[in-house]
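In: just coords:
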């Protein structure tokens, strides 16, 4: 029996936005352990733009067509054996593969969570940037009260959340951003907002969150003796060299005392990672 068809976004060559097109494909049939979601909204990440432009050829290859989208918000159609029910509004990511820019997607339930009350789909689909900031500052860097935090790209998607989260965690936050966004960085709670084109002497930092990816060795030298640098981007002009440097200097995840293992522990860690988003709902309203 032929599956019903759905619409989705693909591209068959690298280039600007006009290489994108809407095509059709069979609706996915969820496998055991998957949830079928009707997609209401998707977001666009910088890495996706670079891939579509052909700037990540060592990793993306030349096989076409390629699908688009990682983040999503939508409505559960078939819940399977999961904690969700048909009709639940959810947000999350489809994983490492692309393809959330489609009418329907099949997703592992641990990659989804319920949409917080008061948010619509367009707002909810911006929440994954919050989990990135939380993972970087709390789980990877173990940012502590009183520490000095530097956020590069402080008014971008992840940086926007990281500045607020850093302040909420009791850190002294220095924001590097463009001259036109200095006031915004201060409104987000930065103790210092500095133009990235003329940073001057920045001093030393206990934690650096880098969302830019270039010039990493220079910023690494700004760390204190026990400092930690978490990088979520790499240099698009030198991707292989940049990723090699990141791997060699990676901060290992710092597990909380008593953290368990297995599926239940993974769900508990994910829930704990999402909880701080309840205090950051102003972020999604500002970015929608």
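Out: Yes, it's here. This one's a predicted model, so the numbers in the text were calculated from it and none came from an experiment.

In: and the closest residue in space to residue 108 that isn't next to it in sequence, how far is that from residue 92?
Out: Leaving aside its chain neighbours, residue 108 sits nearest to residue 34 (6.0 Å; criterion: Cβ to Cβ, 6 or more residues apart in numbering). No exception for glycine: its C-beta is placed from N, CA and C like everyone else's. Residue 34 sits 12 Å away from residue 92, taking Cβ to Cβ, to the nearest Å as the criterion.

In: and if you look at residue 114?
Out: 10 Å.

In: same deal with residue 129?
Out: Distance from residue 129 to residue 92, by Cβ to Cβ: 13 Å.

In: have a look at the two and say which one is more surrounded.
Out: Of the pair residue 129 and residue 92, residue 92 is the one with more neighbours under other Cβ atoms under 10 Å, namely 30 against 25.

In: quick revisit: need the overlap of contacts for residue 129 and residue 92.
Out: Between them, residue 129 and residue 92 share no contacting residue under Cβ atoms under 8 Å, 6 or more residues apart in numbering.

In: residue 230 looks like it's in a strand, true?
Out: Yes: judged by DSSP: H, G, I helix; E, B strand; the rest coil, residue 230 forms part of a strand.

In: and the residue lying closest to it once chain neighbours are set aside, which of the three is it?
Out: Counting by Cβ to Cβ, 6+ apart, residue 136 is the residue found nearest to residue 230 once chain neighbours are left out, at 4.4 Å. State at residue 136, reduced to three classes by three-state DSSP: helix.

In: next one, pLDDT for residue 232 please.
Out: According to the prediction, residue 232 has pLDDT 88.

In: oops, could you answer that again for residue 281 instead?
Out: Among the per-residue scores, residue 281 holds a pLDDT of 31.

In: wait, isn't residue 138 in contact with residue 168?
Out: No: applying Cβ atoms under 8 Å as the test, residue 138 and residue 168 come out as separate, 10.3 Å apart.

In: so residue 66 bridges to which residues?
Out: Following DSSP bridges, residue 66 is listed with bridge partners residue 11.

In: look up how far residue 97 lies from it.
Out: The spacing between residue 66 and residue 97, counted by Cβ to Cβ, is 10 Å.

In: what's the answer for residue 89, then?
Out: In terms of Cβ to Cβ, residue 89 sits 23 Å off from residue 97.

In: neighbour-wise, which of these two wins?
Out: residue 89 (19 against 9).

In: could you find the closest non-adjacent residue to the more buried one?
Out: Excluding the flanking residues, the one nearest residue 89 by Cβ to Cβ, 6+ apart is residue 115, at 4.1 Å.

In: mind listing the helices in the stretch 151-288 of the chain by residue range?
Out: For the stretch 151-288 of the chain, the helices defined by DSSP state H, counting those that start in this stretch cover 157-168, 182-187, 216-220, 239-248, 262-274, 281-287.

In: now the stretch 1-150 of the chain
Out: Ranges of helices within the stretch 1-150 of the chain are 46-52, 57-60, 121-124, 128-134, based on DSSP H, counting those that start in this stretch.

In: helices or strands next to the third one in the packing?
Out: Using 3 or more Cβ pairs under 8 Å, 6 or more residues apart in numbering; DSSP states H and E as the contact definition, the elements that helix 121-124 packs against are strand 35-41, strand 71-78, strand 89-93, helix 281-287.

In: I'd like to know which of the ones you listed is closest to residue 160.
Out: helix 281-287 (6.0 Å; Cβ to Cβ).

In: which of the helices of the stretch 151-288 of the chain has the lowest average pLDDT?
Out: Comparing mean pLDDT over the helices of the stretch 151-288 of the chain, the weakest stretch is helix 281-287, at a mean of 29.

In: so for residue 138 and residue 168, which residue has more residues nearby?
Out: For residue 138 versus residue 168, neighbours defined as other Cβ under 10 Å are more numerous around residue 138 (17 against 13).

In: out of the helices and strands packed on helix 121-124, deepest packed?
Out: strand 89-93 (a mean of 24; mean count of other Cβ atoms under 10 Å).

In: who does it pair up with?
Out: strand 71-78 (antiparallel), strand 112-114 (antiparallel).

In: what's the angle from that strand to strand 35-41?
Out: If you take axes from the mean of the first three to the mean of the last three Cα atoms, to 10 degrees, strand 89-93 sits at 90 degrees to strand 35-41.

In: returning to what we had before: please identify which of the strands paired with strand 89-93 is closest to residue 123.
Out: strand 71-78 (8.3 Å).
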